[in-house]
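K.L.:
let me see the structure of the following:
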Amino acid sequence: MADDRPTEPPPSPAAAATHLPRQTALLRDLLHRRRVAALATRDAAGDPAVSQVPYAIDSSSATLVVHLSALSAHTAQLAAAPRAALLIGEGEVAGEPVHALARASLTVDADTPEPGSADEAAARAAYTARFPEAAFMTGLGDFRFVRLRPVAGRHIAGFGAARAVDADELARVLRDGPP
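P.N.:
As a prediction, this is how the structure comes out:
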């Protein structure tokens, strides 16, 4: 028997972004609201190293953008081994439990856009839009923009709310823009 009920048209992309599944919306909020991440790389011997880095989001390329000094160890480590990890999490609140803090651990592939390229201009625009006070640093000769493209992740929205996140969902979250 045929169903004669009218069907609703699919939502527009803008409307779809406002009707994200709850966990996806929480992840989007976390990634767009936080501004600092822990970047984990490996040195030539394979030993891990972690640095704290400010990051911006370039929604056009669905990447996170960091601005790194060529003098820092993590810049050389990313050039030698571009697969890295990024941890973005909620900050502690005095007197509140820490076990339920939201966080996302992302596996990322790093690439450094060529100086003067359109990719570098997009990375610069995203970074200076988020950190206008750092605009002067973008002209320093030893600094480079590095784009971090998430390939997989783990999202913990709170206690008992952990899940794997694939590259497609991560790209959607980064392209959607802030909530």
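K.L.:
okay, and the most centrally placed residue in the chain sits in which element?
P.N.:
The centre of the chain sits closest to residue 64, judged by CA atoms, centre = their mean, with a distance of 4.2 Å. Taking DSSP states H and E as the criterion, residue 64 maps to strand 63-69.
K.L.:
give me the residues contacting the helix or strand just after that strand.
P.N.:
The C-terminal neighbour of strand 63-69 among helices and strands, as given by DSSP H and E, is helix 73-80. The contact list for helix 73-80 (CB atoms under 8 Å, 6 or more residues apart in numbering) reads 39, 41-44, 49, 51, 53, 68-70, 84, 110, 112, 144, 146. Placement of C-beta: from N, CA and C, glycine included.
K.L.:
surely the residue nearest to the centre of the chain touches residue 170?
P.N.:
No: look at residue 64 against residue 170 with CB atoms under 8 Å: they stay out of range, at 9.8 Å.
K.L.:
common neighbours of the two, please.
P.N.:
With CB under 8 Å, 6+ apart, residue 64 and residue 170 have common neighbours 106, 150.
K.L.:
hmm, who's touching stretch 153-167?
P.N.:
Residues contacting stretch 153-167 (CB under 8 Å, 6+ apart): 23, 26-27, 30, 99-107, 150-152, 170.
K.L.:
sorry, back to before: what lines up beside the strand holding residue 64 in the sheet?
P.N.:
strand 56-58 (antiparallel), strand 143-156 (antiparallel) (DSSP bridges).
K.L.:
got a markdown table for those, with distance to residue 134 too?
P.N.:
Formatted as a markdown table, the strands paired with strand 63-69 follow (distance: least, CB to CB, whole Å):
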| stretch | distance to residue 134 |
| --- | --- |
| strand 56-58 | 10 |
| strand 143-156 | 10 |
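K.L.:
my guess is residue 85 contacts residue 104. True?
P.N.:
No: between residue 85 and residue 104 there is no contact under CB under 8 Å: 10.7 Å.
K.L.:
comparing those two, which residue is more hemmed in?
P.N.:
residue 104 (23 against 19; other CB atoms under 10 Å).
K.L.:
so what's the more buried one up against?
P.N.:
27, 30-31, 87-89, 153-156, 165.
K.L.:
now do residue 145
P.N.:
65-68, 112-113, 120, 123-124, 127, 138.
K.L.:
secondary structure class for the nearest residue to it once chain neighbours are set aside?
P.N.:
Nearest in space to residue 145, with sequence neighbours left out and distances taken as CB to CB, 6 or more residues apart in numbering, is residue 123 at 3.9 Å. Three-state assignment for residue 123 (DSSP: H, G, I helix; E, B strand; the rest coil): helix.
K.L.:
isn't residue 123 right up against residue 147?
P.N.:
Yes: with contact defined as CB under 8 Å, residue 123 counts as touching residue 147 (5.9 Å).
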